[in-house]
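**Q** Sequence and computational prediction follow.
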Amino acid sequence: MKMIKFEFTCSRPVALYSHLCNQYLSHNELYITVGCIENSYFIEAEGQLQQLESLADAIAHDFLISVWLIDTQITLIESRMGSYQLLEGANITQEFCQQCYPEFGDNQAAKFGDISIPCSCCQGATRLNEHHQQLELTDLQLIAQQVMQTGSCELKGVNNLSLHLKPCSDLHRQKLLICNPNTLNAQFHIKDHQILGLSSIEKPLITLRPISEHPSLTAPLYDVCFANSRALVVVCEILRQKGIDWLYFESDSEDKPMIWLQSAWSEVCSTPKELASVSSMPSSPEPLHDNASFNQFSARSENGKIYYEQRIRTDNLISKDTAGICALHAGNLEHKQNKNSAVIYFSEGQTGQIITQNRKQVTELFFSLPSLPSTGYDIYYQLEQSPQRSVVEKFKAKYPDDYLKLLDLKLSSPTDNLQSLWAIAAVVLGLKSDNITKQGLCDALISSAMQHQGSKAPRIDFPLTKGEAHRSLNWCKTIGSLISYRLADDQNSKKLAFGLQDSLADFISNWIEHLDLNLGVKSVILAGSEFANEVLSQRLSLRLGKNFPLKVNRQLDIDGNNLAIGALYLRQRR
């Protein structure tokens, strides 16, 4: 007789894992116990070797990959830590699992298209959306037929999907629903962790770059996902049989793509399905305030736990100027550290900042991105009034078309972020984008940087300006430096786009090393939606990670509920 422990370590609670652990308690012949300690789910079993091998095969089959899964282990143990009690938090929301998917989603199956088919494993049929409950195969075939004949169709449900054969709009990044996963490698540059992410329980959006010279996918980046409901699975399978590899879609959901940061997935900003949805985490150290709100999120401290939800409170609203400090406190929370740390907070919606916290837990703003001019005329005027005037005049003479594009540029608010700087840089480098919004131009720059082969590139200048309270960026000199390199070598925009990201990572690393001399920085927290830029996050991890532990609080969003929770630790009066 042997005793074995099967362990699944996650960065967040995974309801399906709780549910499966509870189901395995019924295997009485193996004396199974289960448990969950700090999001680490485990099953302990005692039996003969052959029985344990059969159990291992079953567990491997049942425990689907979650985006929050960070490690798995099978170990020989001598004593148990689990119990025979059911685990809490087993309220799963998904409609299908690996057992029922082939029965209704495989076109060769006898019950293909029967989305009401029961499943003993996930009970997904009991959670069908009310708009889908009466749908039969003929209804789903009509939906697919309408897409083929008219080019679009509505599918009501949780987020009211609008499906299209052609791009929906040029004003934002396009979202793609994959009908034929087997063609992903032929359409996109995709890595193993991205394939696993797309296939995971959560079915998240993931940003991918299409292959070069793709005949149809001409945008620099796309947000891609797989079907996440039984009805949608069947519609996609019918369309796949008709030769459709993907659909463009829009929905009521404001879900953002997942971010791959420090070799694991993070969520930018969660959107609970119900406004009353409440989650919690241990509060250590003790918060300074009972409640706080930031954007659409609220947080409260109660009985040694922090509760957070997507609901605005009317009291204790936090100033947006404190977003970076809130991100610092939230990052420290998971790692139980509240001194000698720094946060690099780059956000599309808040001011980009670098903030430190000393051994006395006093925070100080070291760096803040400036607000850039919102119109091309003002951008050009400030460049012309700066010491960069001579290179700007040469740019105007040599690239008149790009000069006119710069004058036509309009940056949506806010502009105190990297996204605005990247949009200006994209125009300066002459990068082409069908979408001339700030998002589209930023995507063009990041996509171009991703295409650079190698790790060497020109060093673009990111000089600091010293203000009364903190440092900022002399953005005119940065753009002037970029223009100078383009004037010298007009044939390598990919190298310059990469060099821009790599140079910023190098400058930040130098700044943190300088702060370390004065403060003794023990860890650096990464937070903010702009870490979706995988080139910048990779280069920063490579350069800064050599000398400092880089931390990400994966229990929380990196630019959402973390700000409300971090606000509970602000040293300020209400």
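**A** On my side now, so go ahead.
**Q** Where does residue 356 sit: helix, strand or coil?
**A** For residue 356, the assignment made with DSSP: H, G, I helix; E, B strand; the rest coil gives strand.
**Q** show me what contacts it?
**A** Contact analysis of residue 356 by Cβ atoms under 8 Å, 6 or more residues apart in numbering lists 341-342, 363-364, 366, 515, 519, 521. Where C-beta positions appear, they are placed from N, C-alpha and C, glycine not excepted.
**Q** and with 10 Å instead?
**A** If a contact means Cβ atoms under 10 Å, 6 or more residues apart in numbering, then residue 356 has 328, 340-343, 362-367, 512, 515-516, 518-519, 521, 524 as its contacts.
**Q** Kindly report the same for residue 550.
**A** Residues counted as contacts of residue 550 (Cβ under 10 Å, 6+ apart) are 261-262, 344, 523-526, 537, 540-541, 544.
**Q** what about 8 Å?
**A** Contact analysis of residue 550 by Cβ under 8 Å, 6+ apart lists 262, 523-526, 540-541, 544.
**Q** Check which helix or strand residue 108 maps to.
**A** Under the criterion of DSSP states H and E, residue 108 resides outside all helices and strands.
**Q** What's the first helix or strand after the lowest-mean-pLDDT helix or strand in the chain?
**A** Using mean pLDDT, DSSP states H and E, strand 278-282 stands out as the lowest-scoring helix or strand of the chain, at a mean of 63. Tracing the chain C-terminally past strand 278-282 and defining elements by DSSP H and E, one meets strand 291-294 next.
**Q** For that following strand, name the packing helices and strands.
**A** strand 297-302, helix 561-566 (3 or more Cβ pairs under 8 Å, 6 or more residues apart in numbering; DSSP states H and E).
**Q** let's see 6 Å
**A** helix 561-566 (3 or more Cβ pairs under 6 Å, 6 or more residues apart in numbering; DSSP states H and E).
**Q** Any of the contacts of residue 356 buried? List them.
**A** With neighbours counted by 16 or more other Cβ atoms under 10 Å, the contacts of residue 356 contain buried members at 328, 340-343, 363, 365-367, 512, 515-516, 519, 521, 524.
**Q** so which of those would you say is closest to residue 476?
**A** residue 367 (16.9 Å; Cβ to Cβ).
**Q** doesn't that closest one fall inside a strand?
**A** Yes. Residue 367 sits within a strand when classified using three-state DSSP.
**Q** just checking, it touches residue 352?
**A** No. With contact defined as Cβ atoms under 6 Å, residue 367 does not count as touching residue 352 (8.3 Å).
**Q** tell me the pLDDT at residue 135?
**A** On pLDDT, residue 135 comes in at 92.
**Q** distance of it from residue 225?
**A** 21 Å (Cβ to Cβ, to the nearest Å).
**Q** If you tally nearby residues, what's the number for residue 180?
**A** By the criterion of other Cβ atoms under 10 Å, residue 180 has 17 neighbours.
**Q** list the contacts for it?
**A** Residues in contact with residue 180, defined by Cβ atoms under 6 Å, 6 or more residues apart in numbering, are 240, 245.
**Q** distance of it from residue 232?
**A** Separation of residue 180 from residue 232 (Cβ to Cβ): 14 Å.
**Q** again, but for residue 533
**A** According to Cβ to Cβ, residue 533 and residue 232 sit 30 Å apart.
**Q** Then residue 126?
**A** Distance from residue 126 to residue 232, by Cβ to Cβ: 18 Å.
**Q** Over to residue 165?
**A** 16 Å.
**Q** same thing with residue 558?
**A** Distance from residue 558 to residue 232, by Cβ to Cβ: 28 Å.
**Q** of those two, who's got more company?
**A** Per other Cβ under 10 Å, whichever of residue 558 and residue 232 has more neighbours is residue 558, with 29 against 26.
**Q** thought that one was touching residue 527?
**A** Yes. Counting by Cβ under 6 Å, residue 558 does reach residue 527; the two are 4.9 Å apart.
**Q** Show the contacting residues for residue 566.
**A** Shown in contact with residue 566 (Cβ under 6 Å, 6+ apart): 326-327, 329-330.
**Q** What helices and strands are in contact with the lengthiest helix in the chain?
**A** Criterion DSSP state H: the longest helix present in the chain is helix 493-519. Of the remaining helices and strands, those touching helix 493-519 by 3+ Cβ pairs under 6 Å, 6+ apart are helix 438-450, helix 534-544.
**Q** Walk me through which strands the helix or strand immediately after the longest one in the chain pairs with, and which way each runs.
**A** Just to be clear, that refers to helix 438-450. Using DSSP H and E, the helix or strand that follows helix 438-450 in sequence is strand 464-466. Sheet pairing of strand 464-466 (DSSP bridges) gives strand 471-473 (antiparallel).
**Q** got the buried residues for the partner strand?
**A** 471, 473.
**Q** Quick check: the residue nearest to residue 203 when sequence neighbours are not counted vs residue 246, distance?
**A** Closest residue in space to residue 203, ignoring its immediate chain neighbours: residue 228 at 3.9 Å, by Cβ to Cβ, 6 or more residues apart in numbering. As judged by Cβ to Cβ, residue 228 and residue 246 stand 15 Å apart.
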